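1. What would the 3D arrangement of this be:
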Amino acid sequence: MKKLLLFLLLTLVLSTGIVQGASEAAPIEYEKGVVVFVGPLDQSMQKQYQMVKGELVSIQLTSGPEAGKVVDTFNFVSERSVYEIKVKQGDKVIVAVTRDLGKTSYHVSDFDRFDYVYILGGLFILLLIVFGGFIGAKSVMVIGFSMFLIFKFFVGQVLANQYSLTLLTLLVAAAIAVATQVVVCGLSKKTLAAVLGTIGGVVVAGILSVLSIKFMHLTGLDSEEAMLLKAFTLSHINFQDVLFAGMVFGALGAVMDVTISIASAVYEVKCVQPAIGFKELVRAGMNVGRDIMGTMSNTLILAYAGSSLPLMLLIASQDNVSMLRIANLNMIVTEFARAFTGSIGLICAIPLTAVITAILLKND
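-> Sure, this is the predicted structure:
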């Protein structure tokens, strides 16, 4: 019911936008600004907004052609909605600027948050380099490569809709696995074993994802964003394939972590005891894998649970709704499928990596 109401509301809003577009409504520009004053309305605003509760906000624009200019705007405040933007002096904000019939209007659109993302990202990179040294610097490189491959190449191909999204997902995952482990660990039999183990684990997760989507009748439309895209923007895209891609990429990082750990452990055992046999190498890899298995599987489950916490609260708060109905909702089953397919792929990668590493190192 909630999704239906949301869909109808968005339909109304967007259709209104279409009507406005037909009548050549003024485009909205967005600029950065800093709040310099928050206080009661002046007399002109009191007359204009006498039926609405709000406050006067003065903002100094910091970007665009009017950078440095201080503008006044009305900010609606009812103190009852969590969706209101309650600003104070010194806050960085995004300002919506509209120019219509020779009149320019300014409104607080949202907080300017991304500068703090730069700070966190910079701290992350700094700590990687300080504590990881040259390996940390190479880690920064492979993270950048992975993000470029996903956001530039993969997303672009999804929008173009020219190739099989399933095949494209597996190819991108393999490219990320190869690039990450070769750049960080160098060209060696250890790296080759980790790459092959990663590909094997991801393939297992991918097969289980396909089967889960088919037999659980998952649509991929488990979020508001997906429904919006399907309804208004990307109606030609199969969101079951998008769901598959999300499951595979979600498992990829954890599987890579496990496989390189096992390959490195088996390699070190071989270096210390060159005469060790194949079975003993496999056993060593499995012993390490068992220690990793519980914590990494739990890591995946906790990661999905953390991202789904509002959903869990929604379930827990529904006292009068059948748990049979809730447990079979598309969004609920999708989260379970994500967690379990990724964890099973991770578990299968452990013996696969141990065996491959032992095969590659047994004659060294």
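2. And for stretch 186-201, what's in contact with it?
-> Stretch 186-201 has contacts (CB atoms under 8 Å, 6 or more residues apart in numbering) with 173-174, 177-178, 181-182, 185, 251-252, 255-256, 258-260, 262-264, 266-267, 345-346, 348-349, 352-353, 356-357, 360-361, 364. Using the backbone N, CA and C atoms, a C-beta is placed for each residue, glycine as well.
3. and those residues, which are buried?
-> Neighbour counting by 16 or more other CB atoms under 10 Å classes 173-174, 177-178, 181-182, 185, 251-252, 255-256, 258-260, 262-264, 266-267, 345-346, 348-349, 352-353, 356-357, 360-361 among those as buried.
4. Which ones among these lie within helices?
-> Among the buried ones among the contacts of stretch 186-201, the members found in helices (DSSP state H) are 173-174, 177-178, 181-182, 185, 251-252, 255-256, 258-260, 262-264, 266-267, 345-346, 348-349, 352-353, 356-357, 360-361.
5. Which parts of the stretch 51-200 of the chain are strands?
-> 54-61, 70-76, 92-100, 103-111 (DSSP state E, counting those that start in this stretch).
6. In its sheet, which strands sit next to the last one, and in what direction?
-> Strand 103-111 has the following sheet partners, assigned by DSSP bridges: strand 92-100 (antiparallel).
7. Pull out the CA atoms of the strand it pairs with and give them to me as CSV.
-> Output of strand 92-100 as CSV, limited to C-alpha atoms (Å, rounded to 0.1, in the frame of the first residue of the first chain):
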residue,chain,number,x,y,z
LYS,A,92,26.6,25.2,4.2
VAL,A,93,23.6,24.8,1.9
ILE,A,94,22.5,24.2,-1.7
VAL,A,95,20.4,27.1,-3.0
ALA,A,96,17.7,26.7,-5.7
VAL,A,97,17.7,29.7,-8.0
THR,A,98,14.8,30.4,-10.3
ARG,A,99,14.6,33.2,-12.8
ASP,A,100,11.1,33.9,-14.1
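8. what residues does it touch?
-> 25-35, 59, 61, 64, 66, 71, 73, 85, 87, 104-112, 115.
9. Also stretch 288-305?
-> 250-251, 254, 257-258, 261-262, 265-266, 312, 335, 338-339, 342-343, 346-347, 350-351, 353-354.
10. How far does stretch 353-364 sit from its chain's centre?
-> Here the centre of stretch 353-364 is set off from its chain's centre by 35 Å, with CA atoms, centre = their mean, to the nearest Å.
11. Now do the same contact list for the residue nearest to Asp241 when sequence neighbours are not counted.
-> Nearest residue to Asp241, sequence neighbours excluded (CB to CB, 6 or more residues apart in numbering): Leu165, at 3.7 Å. Leu165 sits next to Val158, Asn238, Asp241, Val242, Phe244, Ala245 when contact means CB under 8 Å, 6+ apart.
12. The same query, at a cut-off of 10 Å, please.
-> Phe154, Gln157, Val158, Ile237, Asn238, Phe239, Gln240, Asp241, Val242, Phe244, Ala245 (CB atoms under 10 Å, 6 or more residues apart in numbering).
13. Go through those residues and say which is closest to Leu126.
-> Phe154 (28.1 Å; CB to CB).
14. ok, for the closest one, nearest residue in space, not its chain neighbours?
-> Nearest to Phe154 is Val172, by CB to CB, 6+ apart, at 5.1 Å.
15. Tell me the pLDDT of the one you found.
-> Note on Val172: pLDDT of 92.
16. Can you give me the end-to-end span of stretch 213-233?
-> Here the two ends of stretch 213-233 are set 23 Å apart, with distance taken as CA to CA, to the nearest Å.
17. rewinding a little: separation between the residue nearest to Asp241 and Met247?
-> 12 Å (CB to CB, to the nearest Å).
18. For Thr259, list the residues it contacts.
-> So Thr259 contacts 177, 181, 191, 193-202, 289, 292, 346, 349-350, 352-354, 356-357 (CB under 10 Å, 6+ apart).
19. again, only this time at 8 Å
-> Gln181, Ala193, Ala194, Val195, Gly197, Thr198, Gly201, Ala349, Thr353 are the contacts of Thr259 under CB under 8 Å, 6+ apart.
20. now it, nearest residue through space, not along the chain?
-> Gly197 (3.8 Å).
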